[in-house]
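S.K.: attaching a predicted model along with its sequence, questions to come.
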Amino acid sequence: MSDLKDTLMRFTRGVTKTSGELLKSTKLSLALSTEEDKLKQIYTEIGKKVHEIYQYGGSLGKFFDEKYAEIQQTELAIDGIKSQMDTIKGVKSCPKCGAAVERSAGFCPKCGNQLEIASAVSDAQGRAEPPAVRHESPAAMPDQPIRREAPPVKNVTYCRYCQAENEPNSKFCLTCGRML
């Protein structure tokens, strides 16, 4: 019986020791992660400061000059890709908040920023004419009655000032820029 008691006591001490080590290990892992996050934050702050120096015309040497040139090239590539995506989607980006806005909009529906009028005018001028309507002779038309489908119901919000149609989640009118 005393052998069983001794074995049980050793097992309990072993479990307690293992649990204590696991707890210490977990605490150390958490502390390590916290310190690594602090280091990343410091790196980020340094990077932001270097970026500000270059934005205002400063220089920090050849290495940083080359890295800043890479940043500028990458930013240009990102802007180009975003522009291509906007073209495909038929929208433009608000320069203030970055929201996707219809090309014909004069104001951003998210922040109310006035958008470039020139781009809206050029977009309207750049559109192709609507396709010509084909008129067929009555002999070519089928004998069945023409079915006209009801137009789909639009979910829109109307501006109380200019009566323009806006998307339901818009905060500002696309046409006059007033708050909806």
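M.R.: Arrived safely, thanks for sending. Model, not experiment: these values are computed from the prediction.

S.K.: the bottom helix or strand of the protein by mean pLDDT?
M.R.: helix 117-126 (a mean of 44; mean pLDDT, DSSP states H and E).

S.K.: look up how far Thr34 lies from Thr157.
M.R.: Distance from Thr157 to Thr34, counting by CB to CB, to the nearest Å: 47 Å. Every C-beta, even on glycine, is put in place using the N, C-alpha and C of the backbone.

S.K.: with Ile42 instead?
M.R.: 13 Å.

S.K.: ditto for Gln73
M.R.: 35 Å.

S.K.: report all helices and strands that the longest helix along the chain contacts.
M.R.: Longest helix in the chain by number of residues (criterion: DSSP state H): helix 2-55. Applying 3 or more CB pairs under 8 Å, 6 or more residues apart in numbering; DSSP states H and E, one finds that helix 2-55 contacts helix 62-89.

S.K.: packing partners of the helix it packs on?
M.R.: Using 3+ CB pairs under 8 Å, 6+ apart: helix 62-89 touches helix 2-55, strand 91-93.

S.K.: in terms of mean pLDDT, which of the ones you listed ranks lowest?
M.R.: Among those, helix 2-55 carries the lowest mean pLDDT, a mean of 82.

S.K.: tilt between that helix and helix 62-89?
M.R.: 90 degrees (axes from the mean of the first three to the mean of the last three CA atoms, to 10 degrees).

S.K.: for Val91, give the beta-bridge partners.
M.R.: Under DSSP bridges, the beta-bridge partners of Val91 are Glu102.

S.K.: so it makes contact with Ala99?
M.R.: No: applying CB atoms under 8 Å as the test, Val91 and Ala99 come out as separate, 9.1 Å apart.

S.K.: what does the model give Gln114 for pLDDT?
M.R.: 90.

S.K.: when you give positions from now on, start the count at 843
M.R.: In the new numbering, first residue 843, that becomes Gln956.

S.K.: and it, backbone torsions?
M.R.: Per-residue torsions, Gln956: phi -70, psi 130 (degrees, to the nearest 10).

S.K.: count of neighbours near it?
M.R.: For Gln956, the neighbour count with other CB atoms under 10 Å is 12.

S.K.: likewise Pro951?
M.R.: 23.

S.K.: identify the residue spatially nearest to it, adjacent ones excluded.
M.R.: Residue nearest to Pro951 in three dimensions, not counting chain neighbours: Ser1012, with 3.3 Å by CB to CB, 6 or more residues apart in numbering.

S.K.: ok, Cys950 to Cys1018 distance?
M.R.: 12 Å.

S.K.: more neighbours, these two?
M.R.: Neighbour count, other CB under 10 Å: between Cys950 and Cys1018, Cys950 has more, with 25 against 13.

S.K.: got a list of what that one touches?
M.R.: Neighbour list for Cys950: 936, 938-939, 941, 943, 957, 1014 [criterion: CB atoms under 8 Å, 6 or more residues apart in numbering].
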